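Participant: sequence first, then the predicted structure, then my questions.
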Amino acid sequence: MPQSGKPQRVGAVKQITSHSNPIVKEIKGLVAQRKHRSQSGLFVAEGLKLATDALDAGWGIRYLAVGPDARDNPVAQKAAAAAKARGALILEVSTAVMSAMTRKDNPQMVVGVYEQKILSAGDISAEGATVWVALDRVRDPGNLGTIIRTVDAVGGTGVMLVGDCTDPFAVEAVRATMGSLFHVPLARMTKDEFKRLAGKWPGTVAATHLKGSVDYRTPDYAEPVLLVMGNEQKGLEDDMAEACSTLIRIPQVGEADSLNLAVATGISLYEIRRNRLEL
Ligand code: SAM
């Protein structure tokens with residue numbers, strides 16, 4: 001993969017017709033491989049809504065690829081002008097090149113390449129926070145994206161990724177956030193860093209657990225709340241569960257062993273924020 005340096009011509013417009021153009025190859029690499037995203041600190045988000053969200057929220061943008069449909073679309077033109085003013089290289093591409101870049105038969109009319117933003121444990125302050133969700137080794141990008149979107153919807157503060165988690169900047173995860181990625185701070189940390197943070201957390205530290213003895217509808221949930229969720233296959237690690245003050249369980253009848261991680265997170269978040277949300 002070519003190095004992701006600064007755009008060759010800052011704030012310029014470039015037409016690309018060849019699938020073997022180095023920028024097309026670079027974007028393909030960012031779509032396909034975590035290694036390329038980590039090395040460059042960049043990621044790809046497809047679609048006009050995400051481009052608008054990213055630009056409105058002030059995220060750094062490296063490239064905005066615009067397909068033929070975008071040229072007559074005023075919202076897309078506005079996004080391209082904003083991206084260009086922000087120093088991005090605007091790539092005018094054919095549908096075939098857009099397809100090749102994104103590995104999709106029906107590509108979106110715009111595709112952006114943005115700069116990653118992720119916090120560390122030391123950046124997190126509980127002051128003024130509502131709810132942080134901590135995810136233990138989340139594996140599924142769709143679950144992660146859905147959780148970020150739900151945290152946004154309930155007015156949560158952020159999402160902590162604990163241990164070896166799926167990449168929040170993978171295309172599938174970004175897509176599932178529906179733009180909330182640009183509004184919900186993310187933090188990455190080790191299990192030990194999480195345990196230290198949980199140990200001095202000023203509010204409720206509640207873990208959802210299939211062995212929990214507390215009905216999730218009963219605690220008081222003093223804010224700031226730290227809601228801790230287990231891995232899709234293995235649940236929550238024992239020492240992480242021990243770092244939490246309450247183990248809550250969502251009642252189930254029927255034969256399902258457990259709820260889907262994103263569903264369990266959504267149910268818990270709406271209960272935690274029940275008295276603070278109104279239509
Ligand atoms: N086999 C795993 C286990 O034994 O924990 C199932 C994990 S479940 C798919 C993923 C996570 O969702 C759990 O670790 C927990 O955080 C949450 N979860 C799912 N169903 C739950 C329930 N009924 N009550 C509390 N938490 C639940």
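Facilitator: Ah, there it is. Quick caveat, the model's predicted, so the values are computed rather than measured.
Participant: so, low pLDDT: which residues of the protein?
Facilitator: 1-10 (pLDDT under 70).
Participant: can you do 90?
Facilitator: Within the chain, the segments meeting pLDDT under 90 span 1-11, 71, 103-105.
Participant: domain map for it?
Facilitator: Domain assignment of the chain by automatic domain parsing yields the ranges 12-115, 121-276.
Participant: show me the one of those that comes nearest the ligand.
Facilitator: Across the domains of the chain, the ligand has its closest neighbour in domain 121-276 (2.2 Å, Cβ to the nearest ligand atom). No exception for glycine: its C-beta is placed from N, CA and C like everyone else's.
Participant: end to end, how far does that closest one reach?
Facilitator: Distance across domain 121-276, first residue to last, is 27 Å (Cα to Cα, to the nearest Å).
Participant: for it, the distance to its chain's centre please.
Facilitator: The gap between where domain 121-276 is centred and where its chain is centred comes out at 13 Å by Cα atoms, centre = their mean, to the nearest Å.
Participant: could you dump the domains of the chain to a markdown table with mean neighbour count?
Facilitator: Below are the domains of the chain laid out as a markdown table (neighbours: other Cβ atoms under 10 Å):
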| stretch | mean neighbour count |
| --- | --- |
| domain 12-115 | 19 |
| domain 121-276 | 18 |
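Participant: tell me where the protein has helices.
Facilitator: 22-32, 34-40, 48-56, 74-85, 95-102, 141-153, 171-177, 191-199, 238-242, 261-272 (DSSP state H).
Participant: what parts of this protein come near the ligand?
Facilitator: 208-210, 212, 229-230, 232-233, 235-236, 249-250, 252, 258-259, 261, 264 (Cβ under 6 Å from any ligand atom).
Participant: out of those, which are inside strands?
Facilitator: Applying DSSP state E to the residues of the chain next to the ligand, the entries found in strands are Thr208, Met229, Arg249.
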